[in-house]
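**Q** need the 3D shape of this:
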Amino acid sequence: MLSRVANAVYWMSRYLERAGNLARFVEVNWHLTLDLPGEGADAWRPLILASGDQNLFEERYGDCDAASVITFLCFDQDYPNSIASCLWAARENARAIREVIPYEMWEHLNVTYHMVRDAAKRPLDTVENPFDFCQEIKRRDFVLGGVAEDVMLHDEAWHFARMGRLLERCDKTSRILDVNCHRMLPDEGEHGPGFDSIHWSALLRATSALDAFRRCRGRISPAKVAEFLLLEHEFPRSVLHGLVHVQDSLQAVTGSRRGFFSHESERLLGQLCADLSYLTIQEIFDQGLHRFTDRLQTRMNAVDSHLGREFFGYLPEEPQTQVEQ
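**A** This is a model prediction of the structure:
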């Protein structure tokens, strides 16, 4: 497979997953503001923190009010990680690999892109009530995922698409967990002053995890929620589940057996999966959830960087800081 094709299909999937996750976060936060009115700008600040682009937002908008945050995350075409920008980038990548992806995927992606472009002409409609817009983005994200799973040939292109989608999902899940836990558990304890089931339920809904959590974990507690989103083997949106399947796809591309590696990206990913597989949530809390997720994101970024160099033809970057184990 050409590195150009691998790169395009990988980033098409990452951008689609990013757009879907943003829609989840905005919708759930809007519901939270209805359930818990009176928090003001603090209610929307966690979304900006989770985006990792707080400085850019403050430079362009200033205050974290609902209108500014929703416009920034959904429609700002000068912000490369907004839903509109992500769909534009996904569509451009898809356009470059029309011969690789199914016709149904291209058609559905095209329709979704135009739907968001039309909505961007009337941003106040979404600012006042983002539910319908976010629901539509989520529904189309599920459809595109289903098309990729059921119609796309499961060859190298599909494996690169799956790697992009799952790495993006793991990154966003860890970010939203980190930001919300820091907000709700300032001392990262089980019974911190910020604990309440409404916020934790909202966090689970933002990651489409609430129903699955209730089915297998029961009563909500901070430790159970963090463990479920980070370490649950059977939940498709947990970090561990995603990284294990990224490892499966990477080994399918390289031909390496489990426990062996032929590329640095395989070695880093194998170490990360092994570490997560044998961690307990108490060990994570003991070292500090924020510190843990920060390292986790650094290690996932290292995997992404090596994938770029080894498979997509990226130029070597400056020597990286040693990733802390």
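
**Q** so for stretch 72-91, mean pLDDT?
**A** Over the span of stretch 72-91, the pLDDT mean works out to 95.

**Q** so what touches that stretch?
**A** With contact meaning Cβ atoms under 8 Å, 6 or more residues apart in numbering, stretch 72-91 is reached by 11-13, 15-16, 18-19, 22-23, 25-26, 47-48, 51, 53, 56-57, 60-61, 109-110, 112-113, 116-117, 119-120, 123, 126, 130, 133, 137. Backbone N, C-alpha and C define where each C-beta goes, glycine included.

**Q** mind checking the SS state of the nearest residue to Ser256 once chain neighbours are set aside?
**A** The shortest distance from Ser256 to any non-neighbouring residue, by Cβ to Cβ, 6 or more residues apart in numbering, is to Ser262 (5.1 Å). Here Ser262 is coil, with the state taken from DSSP: H, G, I helix; E, B strand; the rest coil.

**Q** okay, Ser262: pLDDT?
**A** If you check Ser262, the pLDDT there is 92.

**Q** cool, and His199?
**A** So, for His199, pLDDT stands at 81.

**Q** how many other residues sit next to Asn155?
**A** Actually, residue 155 is Asp. It isn't Asn. Each residue near Asp155 was counted by other Cβ atoms under 10 Å, and the total is 12.

**Q** from Arg162, how far off is it?
**A** The gap separating Asp155 from Arg162 is 11 Å, by Cβ to Cβ, to the nearest Å.

**Q** again with Trp44
**A** Relative to Arg162, and taking Cβ to Cβ, Trp44 is found at 32 Å.

**Q** can you tell me what sits against the strand or helix carrying Arg140?
**A** If you go by DSSP states H and E, Arg140 is part of helix 131-150. Contacting residues not belonging to helix 131-150 are listed as 13, 16-17, 19-20, 22-24, 26-27, 30-31, 74, 83, 102, 104-105, 108-109, 111-112, 115-116, 119, 125-126, 158, 161-162, 165 [Cβ under 8 Å, 6+ apart].

**Q** touching, Ser68 and Ile48? I think so.
**A** No. Using Cβ atoms under 8 Å as the test, Ser68 is too far from Ile48 to be in contact (9.1 Å).

**Q** quick check: neighbours shared by the two?
**A** Shared contacts of Ser68 and Ile48, defined by Cβ under 8 Å, 6+ apart, are found at Phe57.

**Q** just the element for Gly164, please.
**A** Secondary structure assignment for Gly164, by DSSP H and E: helix 156-184.

**Q** mind listing what's buried in that helix?
**A** Within helix 156-184, the residues scored as buried using 16 or more other Cβ atoms under 10 Å are 156-182, 184.

**Q** coming back round to it: mean confidence score for the helix holding Arg140?
**A** So the average pLDDT for helix 131-150 ends up being 93.

**Q** centre of the chain to it, how far?
**A** How far helix 131-150 lies from its chain's middle: 15 Å, per Cα atoms, centre = their mean, to the nearest Å.

**Q** begin at 711 from now on, thanks
**A** All set: I'll call the first residue 711, so the last point we hit is now helix 841-860.

**Q** that one to helix 866-894, inter-axis angle?
**A** Helix 841-860 and helix 866-894 are oriented at 140 degrees to each other (axes from the mean of the first three to the mean of the last three Cα atoms, to 10 degrees).

**Q** domain parsing of this protein, as residue ranges.
**A** Residue ranges for the domains of the chain, per the TED database: 711-862, 863-1023.

**Q** got a PyMOL select line for the buried ones in the contacts of helix 841-860?
**A** Remark: buried members of the contacts of helix 841-860, expressed as a PyMOL selection using 16+ other Cβ under 10 Å:
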select buried, resi 723+726+727+729+730+732+733+734+736+737+740+741+784+793+814+815+818+819+822+826+829+836+868+871+872+875
